[in-house]
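Enquirer: Just need the structure, nothing else, for what follows:
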Amino acid sequence: MNVFIVYAHPSDGSFTWNVKESFIKGLEAAGHSYVVSDLYKMGFRTDMSEAEYQREANYREHLPIEDDVAAEQEKINSGDAIVFIYPVFWTEAPAKLVGWFDRVWTCGFAHGSRSMKQLEKGLVICIAGHSLERLKEYGHYESMRTVMLGDRLFDRVKEKEFIVLDSTSQFNMEERMANWDRHLRTAFEAGRTL
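Expert: Take a look at the predicted model:
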């Protein structure tokens, strides 16, 4: 299987970076190929230009798209699965990833006449400081899951999964370290069994 990983974290020293690396080791163990878009390292521009906005707001599929957007769309259509790995910032993906969707999910690709192929699998791995119980108690878990699986992936992917690696806040280092190895095993297994 050819897997496209969209990774969004500004620091290579982060736990999220370790999760990505563990996930990739799982992919390699299973013999999958992969491509990574590291949005921060790429310097991916997340703000729409006025021309992009006019194209999208008026459903003008015939107008050209930017080269960086076309490159990301090509990675999607060359893959069998798409995986998003990111930390939770204020119950949402980082602005860098949200902007990626704003620019890459264009009219004529992800909606409208839709040249985006339907992918076999879609996986979201997000890293949260709060516990899963707390995220569920306040409705945050369901909101995050709905946005990523119900809206962004929707029917663009046949089989979808949402994994939260929780309780990783640096405010509670003891809890964070207690979860570290378990979460990295989860990421490895997610890659191995994709």
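
Enquirer: buried stuff in the helix or strand bottoming out on mean pLDDT in the chain?
Expert: In the chain, no helix or strand scores lower on mean pLDDT, DSSP states H and E than helix 173-192, which sits at a mean of 85. Using 16 or more other CB atoms under 10 Å as the burial criterion, the residues of helix 173-192 that qualify are Arg176, Asn179, His183, Leu184, Thr186, Ala187, Phe188, Ala190, Gly191, Arg192. Where you see a C-beta, it was placed from the backbone N, CA and C, and this is true even at glycine.

Enquirer: and Arg134, what does it touch?
Expert: Listed by CB atoms under 8 Å, 6 or more residues apart in numbering, the contact set of Arg134 reads His140.

Enquirer: give me phi/psi at it?
Expert: The phi/psi pair for Arg134 (degrees, to the nearest 10) reads phi -70, psi -40.

Enquirer: And Ala128, by the same measure?
Expert: Torsion angles, degrees, to the nearest 10, at Ala128: phi -120, psi 140.

Enquirer: Start and end of stretch 71-91, how far apart?
Expert: By CA to CA, to the nearest Å, the extent of stretch 71-91 from end to end equals 28 Å.

Enquirer: what's the offset of that stretch from the middle of its chain?
Expert: Taking CA atoms, centre = their mean, to the nearest Å, one finds stretch 71-91 lying 4 Å from the centre of the chain it belongs to.

Enquirer: Over to stretch 12-28?
Expert: 13 Å.

Enquirer: I'd like to know which of the buried residues of helix 173-192 is nearest to Val19.
Expert: Distance to Val19, by CB to CB, is smallest for Ala187 among these, at 4.6 Å.

Enquirer: got the contact list for that closest one?
Expert: Val19, Lys20, Ser22, Phe23, Gly26, Ile125, Leu165.

Enquirer: what's the answer for Ile65, then?
Expert: For Ile65, the contact set (CB under 8 Å, 6+ apart) comprises Glu52, Arg55, Gln73, Thr106, Phe109.

Enquirer: Surely it forms part of a helix?
Expert: No. Going by DSSP: H, G, I helix; E, B strand; the rest coil, the assignment for Ile65 is coil, not a helix.

Enquirer: ok, it to Gly43 distance?
Expert: Using CB to CB, to the nearest Å, Ile65 is found at 18 Å from Gly43.

Enquirer: same check, this time on Asp67
Expert: 14 Å.

Enquirer: Which stretches in this protein count as helices?
Expert: Under the criterion DSSP state H, the chain contains helices at 15-30, 39-42, 50-57, 67-77, 95-104, 132-137, 140-145, 173-192.

Enquirer: so who does the residue nearest to Lys117 when sequence neighbours are not counted touch?
Expert: In space, and not counting its chain neighbours, Lys117 is closest to Asn77: 5.3 Å by CB to CB, 6 or more residues apart in numbering. For Asn77, the contact set (CB under 8 Å, 6+ apart) comprises Ser115, Met116, Lys117.
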